[in-house]
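Q: sharing a model that was predicted from the sequence below.
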Amino acid sequence: RTVADVSSLAEPRLGSVISRMRVVTAALLAVALGCESPTESKGDEVFTFETAYSFPTLAASDFITTFDFDNGGALWVATNEGTIIRNRHGELTRFDAAAIVGAAQVHDLFIDGAGRPWVAGGGSVAVFENEAWRRVGPDDYFGLSAKVWQVAVNASGDILLAVGDADAGGLLLRRGGKWQAITPGNSALPSPLVLKIIVAPDGAFWVASAQFQGRGGLIRIAGDQITAVYDKARTGLLYNWIDDVAIGAGRIWLGFAVPIYELPEVAEGGIQSLPLAGGAPTTWYPFTTGLSSNRVASVTWSSSGELWFTTALDQDGNGCATCVAGIGVLRDGHFRILSQLNSTLAANEYLPQIREGPDGAIYVARGSEKTILKIVR
């Protein structure tokens with residue numbers, strides 16, 4: 001067993017670089033999360049799915065990476081090869097990322113409280129308003145690498161960006177028209193690699209990091225101050241690498257796909273939630289149903305009070321035939337999950353994003369199939 005040196009990678013963020021990284025954890029993790037003997041009831045099947053949107057004109061090599069809905073009900077989709085598509089009542093409008101952010105790929109799509117789409121990519125961030133895209137900056141990176149990975153905007157108009165990479169990464173915050181840098185060197189930010197930013201109802205930003213040199217986790221930024229830090233050692237997070245975040249029912253929900261971890265006979269990953277006001281985490285493991293892997297790729301909280309999520313294939317060759325990709329819901333402490341084992345999903349489905357639509361239904365990106373699924377109940 002060996003340990004991969006994450007610090008040797010210039011950009012340990014996306015795609016095949018991340019999927020090939022391997023880090024061995026302590027032996028007690030194997031005891032806690034071994035793939036054998038599922039212990040939680042599978043529950044009754046209470047949902048299925050149908051294709052709601054299809055994009056067959058995308059290039060054969062292209063695929064959906066993210067999507068969301070604006071306040072008018074229009075669907076916005078971004079693809080791996082830099083196509084942005086708006087579907088407004090069946091009318092499709094296509095935009096080119098290179099013309100918008102000066103790069104061939106969109107790394108993030110965010111819909112703010114006013115319903116405006118934002119995209120991040122290359123060294124720029126742009127907002128769509130009055131039927132046109134407008135770049136918003138930043139103009140100064142304060143020594144950070146000029147690569148924008150994530151964007152989030154609160155109701156006060158504060159903009160928070162995840163920028164840079166392992167050797168020059170952190171956050172850029174614009175408040176009152178001025179940018180400032182938040183880095184591991186000048187703050188309690190635990191890692192230079194930020195994977196997700198969301199906005200709480202009170203306007204605070206919650207920031208989830210990838211693990212770098214053993215550090216990472218979750219922080220809260222209120223104003224320009226980091227007011228809370230959660231990690232594995234001090235507050236009981238499953239890992240210092242968090243792949244997605246959602247807020248609901250006074251709690252923050254964490255999805256762990258942790259692609260850098262790969263221990264034989266261990267189902268890495270899981271779901272945790274923490275009270276927004278602070279407190280100990282509660283943990284759930286989707287693989288215990290015998291229907292899914294533990295690698296939780298995307299999470300969303302629904303207006304009906306449920307946590308919906310997608311999982312990814314666990315490819316560590318540990319003999320866990322049930323550690324496949326799936327779509328699930330956590331309700332009243334119990335899972336309902338669809339996967340290859342009880343539906344027409346494939347074992348290795350790429351399900352990068354799950355969101356609630358304006359109609360209250362749950363939608364899932366079936367990335368490689370170039371479709372958006374709708375959950376039917």
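A: Ah, there it is. Numbering: from 1, shown residues only.
Q: contacts only, for the residue nearest the centre of the chain.
A: Centrality entry for the chain: nearest residue to the mean C-alpha point is Asp244, 3.4 Å, by C-alpha atoms, centre = their mean. If you count contacts by C-beta atoms under 8 Å, 6 or more residues apart in numbering, Asp244 has them with 195-196, 208, 254-255, 257, 296-299. All C-beta spots, glycine's among them, are computed from the backbone N, C-alpha and C.
Q: again with Val153
A: Val153 touches 110, 112-113, 118, 159-160, 199, counting by C-beta under 8 Å, 6+ apart.
Q: for this protein, which spans come out with low pLDDT?
A: For the chain, the stretches flagged by pLDDT under 70 are 1-45, 316-318.
Q: and the contacts of Val153 as TSV, adding neighbour count and secondary structure?
A: Formatted as TSV, those follow (neighbours: other C-beta atoms under 10 Å; DSSP: H, G, I helix; E, B strand; the rest coil):
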residue	neighbour count	secondary structure
Phe110	22	strand
Asp112	19	coil
Gly113	13	coil
Trp118	21	strand
Ile159	23	strand
Leu160	22	strand
Val199	19	strand
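Q: how about those residues, which pair is most distant?
A: Considering C-beta to C-beta, no two members of those lie farther apart than Gly113 and Leu160, which are separated by 14.0 Å.
Q: any idea how far the residue nearest to the centre of the chain lies from Ile197?
A: From Asp244 over to Ile197 the distance is 11 Å, taken as C-beta to C-beta, to the nearest Å.
Q: what is in contact with those two at once?
A: In terms of C-beta under 8 Å, 6+ apart, Asp244 and Ile197 are both contacted by the residues Ala208.
Q: one step back: which residues does the residue nearest to the centre of the chain bridge with?
A: Beta-bridge partners of Asp244, counted by DSSP bridges, are Gly255.
Q: can you give me the distance of it to Thr57?
A: For Asp244, the distance to Thr57 equals 29 Å [C-beta to C-beta].
Q: swap in Thr51?
A: From Thr51 to Thr57 the distance is 15 Å (C-beta to C-beta).
Q: swap in Arg86?
A: Taking C-beta to C-beta, one finds Arg86 at 14 Å from Thr57.
Q: tell me which of these two has more neighbours.
A: A count of neighbours by other C-beta atoms under 10 Å puts Arg86 above the other of Arg86 and Thr57, at 16 against 11.
Q: got a markdown table for the contacts of Asp244, with distance to Ala99 and neighbour count too?
A: Formatted as a markdown table, these follow (distance: C-beta to C-beta, whole Å; neighbours: other C-beta atoms under 10 Å):
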| residue | distance to Ala99 | neighbour count |
| --- | --- | --- |
| Leu195 | 27 | 21 |
| Lys196 | 26 | 24 |
| Ala208 | 30 | 26 |
| Leu254 | 35 | 28 |
| Gly255 | 33 | 28 |
| Ala257 | 32 | 26 |
| Val296 | 34 | 29 |
| Ala297 | 29 | 22 |
| Ser298 | 28 | 24 |
| Val299 | 32 | 24 |
